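**Student:** The sequence and its predicted three-dimensional model are supplied below.
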Amino acid sequence: MEAPPAAVPPVPDERLSALRAAMSHADGGQGVHAYIVPTEDPHMSEYIADCFKRREYLSKFTGSAGTVVVTQEQALLWTDGRYFLQASQELGKEWVLMKAGTPGCPDLEDWLASNLPEGGRVGIDPYLHTVDAVRRLQRKVEEAGRHVVPLLADGNLVDKAWPEQPARPDAPLRVHPAEWAGQSVGEKVAALRTQMRGVKAGALLVTMLDEVAWLMNLRGSDVSYNPVFISYALVPAEGPVRLYVDGAKLTPEVKEHLQASEVEVREYGQFVGDVAALAAGGQTLWVDPSKVSYAVYQAARSAVEGGTPAAAAAAAAPAAAASPSPRGKGGARKRARGDDAPPATNGSSSNGASRPTPPKIFMEFASPVVAAKAIKNAAELAGMREAHLRDAVALCDFLCFMEEQMAAGKVLSEVQVDLELTSRRASQKGFIEPSFPTIAGAGANGAIIHYRAQQGSCKSVDKDTLLLLDSGGQYECGTTDITRTMHFGTPTQRQKMAYTRVLQGHIALDSAIFPEGTPGAALDTLARLALWREGLNYRHGTGHGVGAALNVHEGPQSISSRYHITTPLQAGMVVSNEPGYYEDGGFGIRVENLVVVKEVDTPNRYGGASYFGFEALTMVPMQTRMVDLALMTPQEEAWLDAYHRQVWEAVSPRLEGNERLLQWLRANTLPVREQQKAQGAAA
């Protein structure tokens with residue numbers, strides 16, 4: 001009898017093999033047992049420049065959220081419920097998907113504490129972890145007899161395994177118009193300094209990219225879909241504000257703007273050294289430990305402990321290694337304090353990193369820029385309203401086109417849907433780029449919450465397809481984000497039920513009135529209740545903050561079941577309202593508008609408190625074909641009709657002279673019963 005063929009051993013993952021080799025030689029040859037690869041860049045951004053996409057390069061998982069742990073034996077990815085299906089499709093055979101937040105899935109820190117050997121060493125790039133994150137990690141793993149090793153001198157270990165790592169972006173910056181900014185740089189700085197004086201801070205560190213862009217009234221294009229640029233800012237109690245950025249990106253207009261704003265420009269790589277020097281000179285630094293990297297924090301502390309300018313330079317020397325050279329892998333890396341700075345050390349030992357607890361150096365508070373940016377001024381809100389009206393024209397044109405194509409029996413791919421919509425946005429005044437990758441999910445792809453269609457593998461859309469379309473635009477005046485779910489034929493009864501329950505949740509949240517001091521978590525249930533009654537739910541938050549001509553995701557506010565987020569919703573904040581429902585392998589439904597929080601009149605004012613509600617910014621019809629009126633209350637039906645009247649009044653003046661689109665908008669903003677009667681007659 002012939003012996004069965006021998007099993008072919010799996011081909012090792014070359015990227016993992018290269019990283020594991022670097023792990024073995026890290027920290028002067030001591031090595032590390034595990035290495036953490038987060039999604040973030042040195043500025044803790046959600047969306048990052050291509051040169052910082054280390055987690056994506058290593059794991060091939062393209063979602064926007066997730067953290068990797070690699071040991072010599074295992075490779076694991078933690079991500080949240082938005083990405084479970086996507087990650088299961090993208091990860092290779094060597095990878096283990098850790099479904100964060102589900103029963104039986106340990107937190108990353110707990111896994112490390114339980115699975116590494118006694119005395120095991122956990123390597124991190126301190127530029128990619130916040131102070132809070134390192135403290136959390138240290139507390140968990142060191143209590144279990146393991147150690148955290150910040151690898152400053154080694155640089156990022158993934159970079160050693162990434163031969164074709166992209167260079168840093170070098171596109172020029174642009175001035176954000178005063179018409180839409182509403183405040184000058186000087187006015188913003190003066191408000192920050194008032195808060196700094198209140199806590200006796202000597203300098204404020206601004207490290208998040210959208211905070212720098214907002215403060216400087218500048219925009220860039222270093223990160224796709226987000227009008228930001230790789231930079232830091234430092235606001236001293238007195239003297240000129242400093243902007244740390246690649247000077248080659250400054251156009252004459254930007255230089256003139258910064259000079260008029262009394263902003264001193266320094267090279268990006270000088271930031272950490274300047275922070276260390278301020279600390280060594282006795283200045284108290286205002287830092288947000290949930291945003292500032294541990295590397296910046298560690299450099300300032302080391303400078304104080306060293307007590308000399310040379311020590312400050314040594315602490316800052318690894319700063320240039322935090323990101324690839326502008327010239328790519330072969331380019332020379334700049335040192336933060338000059339080429340004669342002493343060689344840096346990792347700041348670690350066989351006993352791991354010391355805890356970041358020295359007194360008097362830091363004042364740890366939330367960044368004051370966050371709240372100032374989140375509460376939009378009148379000009380910013382005017383810009384957001386204008387952006388949504390321009391966006392509405394593009395969406396109406398696109399939806400009219402889709403109805404015409406489907407009625408004619410045409411079939412479009414998901415990629416074509418994306419291109420058709422983007423081309424119509426691009427024809428609008430002031431359009432810059434989409435605000436995130438368009439999610440055009442047909443049928444089962446709609447159940448992948450952050451799906452991205454790819455040529456060659458995408459699905460087709462015809463009149464019998466349920467299509468979830470989540471998209472947005474960056475305009476020079478504002479940022480949009482909208483989801484509509486549509487069917488161009490006859491949806492199933494289950495699809496109509498699910499859509500109606502999602503719409504009821506959207507209406508309930510939009511109709512909410514709540515007292516000042518209410519966090520978004522207190523309202524999240526309103527958007528889920530109709531689904532819960534059916535035994536249904538969704539695995540994502542209901543609402544996120546949105547920037548004004550800035551990032552489509554912005555804090556600190558949110559509407560979700562993450563009860564630890566206690567930031568109250570305040571007048572002027574912009575948030576999304578986007579409940580959904582998803583059946584794996586079946587379909588996805590989401591209804592999303594952006595809304596602004598506004599003060600409302602109430603018959604009473606208990607305790608003298610103000611009361612708030614929402615005003616819709618998004619002005620695009622919702623498809624009534626999907627609505628099951630038998631499930632709707634009269635009040636919910638009245639809300640839908642009122643919203644469509646508002647859409648008609650706001651958008652129809654923008655369509656004057658275009659009879660085709662005016663007719664389409666009129667038909668799609670009629671009372672829902674009239675629309676459904678017309679749809680029945682057409683069928």
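**Tutor:** Nice, thanks for sending it over. No experiment lies behind these values; they were computed from the predicted model shown. Numbering: from 1, shown residues only.
**Student:** Which secondary structure elements does the longest helix seen in the chain sit against?
**Tutor:** Assignment by DSSP state H gives helix 378-407 as the longest helix of the chain. Helix 378-407 sits against helix 178-181, helix 414-426, strand 473-475, strand 482-487, strand 593-600, helix 634-651, helix 659-667, with contacts defined as 3 or more CB pairs under 8 Å, 6 or more residues apart in numbering; DSSP states H and E. C-beta here means a position set from N, CA and C on the backbone, and glycine is covered the same way.
**Student:** Between the ones you listed, which one is closest to Glu164.
**Tutor:** Glu164 lies closest, by CB to CB, to one member of these: helix 414-426, at 25.6 Å.
**Student:** continuing past the closest one, what's the next helix or strand?
**Tutor:** Later in the chain than helix 414-426, the nearest helix or strand by DSSP states H and E is strand 431-434.
**Student:** What strands flank that following strand, and is each parallel or antiparallel?
**Tutor:** Strands that pair with strand 431-434, judged by DSSP bridges, come out as strand 473-475 (antiparallel).
**Student:** Show me where the stretch 251-400 of the chain has its strands.
**Tutor:** 263-266, 285-287, 362-364 (DSSP state E, counting those that start in this stretch).
**Student:** Which positions within the last one qualify as buried?
**Tutor:** Okay, so that is strand 362-364. 362-363 (16 or more other CB atoms under 10 Å).
**Student:** re earlier: among the helices and strands packed on helix 378-407, which is the most enclosed?
**Tutor:** Highest mean neighbour count among those (mean count of other CB atoms under 10 Å): strand 473-475, with a mean of 27.
**Student:** how about the helices of the stretch 451-600 of the chain, start to end?
**Tutor:** 493-510, 524-532 (DSSP state H, counting those that start in this stretch).
**Student:** which one of the strands of the stretch 251-400 of the chain is the most hemmed in?
**Tutor:** Greatest average neighbour count among the strands of the stretch 251-400 of the chain goes to strand 285-287 (a mean of 24), per mean count of other CB under 10 Å.
**Student:** Which neighbouring elements make contact with that one?
**Tutor:** strand 203-206, helix 271-280, helix 294-306, strand 362-364.
**Student:** Parallel or antiparallel, which strands does it pair with?
**Tutor:** With DSSP bridges as the test, strand 285-287 pairs up with strand 203-206 (parallel), strand 362-364 (parallel).
**Student:** The closest residue to Glu94 other than its chain neighbours and Tyr563: what is the separation?
**Tutor:** Nearest in space to Glu94, with sequence neighbours left out and distances taken as CB to CB, 6 or more residues apart in numbering, is Asp13 at 5.0 Å. Using CB to CB, to the nearest Å, Asp13 is found at 38 Å from Tyr563.
**Student:** tally of neighbours for Ala453?
**Tutor:** Summarising burial for Ala453: neighbours were counted as other CB atoms under 10 Å, giving 21.
**Student:** Check the gap between it and Ser576 for me.
**Tutor:** 22 Å.
**Student:** Ok, Ile507 next?
**Tutor:** To Ser576, Ile507 is 15 Å away according to CB to CB.
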